[in-house]
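Visitor: build me a structure from this.
(one chain, ligands or ions: 2)
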Amino acid sequence: MAINTANTSVGLNAQSDAVHGRILVWDIPTRIFHWSLVLCFVIAYLTSESERWQVWHVTAGYTFGMLLLFRLFWGVVGTRYARFSDFVQGPKQTMRYLSSLLTRHPHHYVGHNPAGAWAIIGMIGLGLLAVLTGWASFSDYGDWFGELHEGIVNVLILVIAIHIGGVLVSSVLHRENLVRSMVHGCKQGNLLDAIRYPQWIVGVLLLVGLGLFLWALLSSRLPALLP
Ligand code: HEM
Ligand code: HEM
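Guide: Residues are numbered from 1 along each chain as shown. Ligands and ions are numbered 1, 2, ... in the order given. Next up is the predicted model:
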């Protein structure tokens, strides 16, 4: 994508209007992570009620866990807007952002806004706890792990509902389709704020890693993990 033209064709001292355009914000691994996470969550949820589907429930659940571990890694070494240090902010900034939503000119963030960031941290944390308690219940460490697992998943569903609501409200307030941005990776912004590389190689490695993990799980190379 021709985004890194900021230093060449436009020039560093250009007026902000002149450097405004469609810029790459979400790298490929972040987008693969997000939509695979949604898919795994939906499969795990839909297959949770019946013993018959347990192998799918557990497989989707572990893959969900793997994706979250990858995201922890990518939140440290990933591109600018994927890093936790870019979007996790204190309660003051979060309150300032939330109160700006009531004004005519709400603060706009190129990456995640501080309120959305807390939902993200919540979903990652609760997601990991859901996988751990699911594994403990499945491994017969105690019936109460099953109860805890269900309870954690219910809180996770609440945070996901807030997340989706927040995405829709921000899309309307900022007049930008955030859902589509999570698909093609681009938003409107200053060309100087674009990330440089989409990170295709890491994206392909992530897909290959997920494929290998699923193969190892389903071909009984990790038999202790499956029903
Ligand atoms: C179909 C329903 C969903 C839609 C439309 C959606 C949409 C989005 C969008 C637009 C963003 C970027 C927000 C921003 O611009 O700041 C995002 C981020 C995120 N969403 Fe969702 N989401 C959905 C479901 C979920 C579910 C079910 C989960 C967790 C199980 C989830 C977890 C996350 C996470 C962790 C991020 C942060 C992405 C990153 O930086 O890696 N989302 N989502
Ligand atoms: C995205 C991750 C996951 C989600 C959303 C999820 C969701 C759920 C839900 C909603 C239930 C309750 C079903 C009912 O009403 O009876 C459940 C039960 C269960 N899940 Fe998960 N789960 C996840 C991951 C896992 C993992 C990784 C494992 C095991 C390795 C697992 C093992 C179990 C077991 C054994 C039960 C039955 C618990 C019992 O009733 O004692 N889950 N799960």
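Visitor: ok, which residues in the protein are in contact with ligand 2?
Guide: 40-41, 44-45, 48-49, 57-58, 61-62, 64, 130-131, 134-135, 137-138, 146, 149-150, 153 (C-beta under 6 Å from any ligand atom). (C-beta placed from N, C-alpha, C; glycine too.)
Visitor: out of these, which touch ligand 1?
Guide: Answer for the residues of the chain next to ligand 2 near ligand 1 (C-beta under 6 Å from any ligand atom): residue 41.
Visitor: which of the residues of the chain next to ligand 2 count as buried?
Guide: 40-41, 44-45, 48, 57-58, 61-62, 64, 130-131, 134-135, 137-138, 146, 149, 153 (16 or more other C-beta atoms under 10 Å).
Visitor: out of the residues you listed, which are inside helices?
Guide: Taking DSSP state H as the definition of helices, these contribute 40-41, 44-45, 57-58, 61-62, 64, 130-131, 134-135, 137-138, 146, 149, 153.
Visitor: now do the helices in the protein.
Guide: 28-46, 54-77, 84-87, 91-100, 114-138, 143-173, 178-184, 200-218.
Visitor: can I get these in CSV including mean pLDDT and distance to residue 192?
Guide: CSV is the format used below for the helices of the chain (pLDDT from 0 to 100; distance: least, C-beta to C-beta, whole Å):
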stretch, mean pLDDT, distance to residue 192
helix 28-46, 98, 20
helix 54-77, 97, 22
helix 84-87, 97, 15
helix 91-100, 96, 22
helix 114-138, 97, 22
helix 143-173, 97, 23
helix 178-184, 98, 18
helix 200-218, 97, 22
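Visitor: from the centroid of the chain, which residue is nearest?
Guide: residue 34 (4.4 Å; C-alpha atoms, centre = their mean).
Visitor: please name the nearest non-neighbouring residue to it.
Guide: residue 182 (5.7 Å; C-beta to C-beta, 6 or more residues apart in numbering).
Visitor: can you pull the contacts of the one you found?
Guide: Residue 182 is in contact with 26, 31, 34-35, counting by C-beta atoms under 8 Å, 6 or more residues apart in numbering.
Visitor: kindly report the residues of the chain close to ligand 1.
Guide: 30, 33-34, 37-38, 41, 71, 82, 112, 116, 120, 123-124, 127, 160, 163-164, 167, 178-179, 182.
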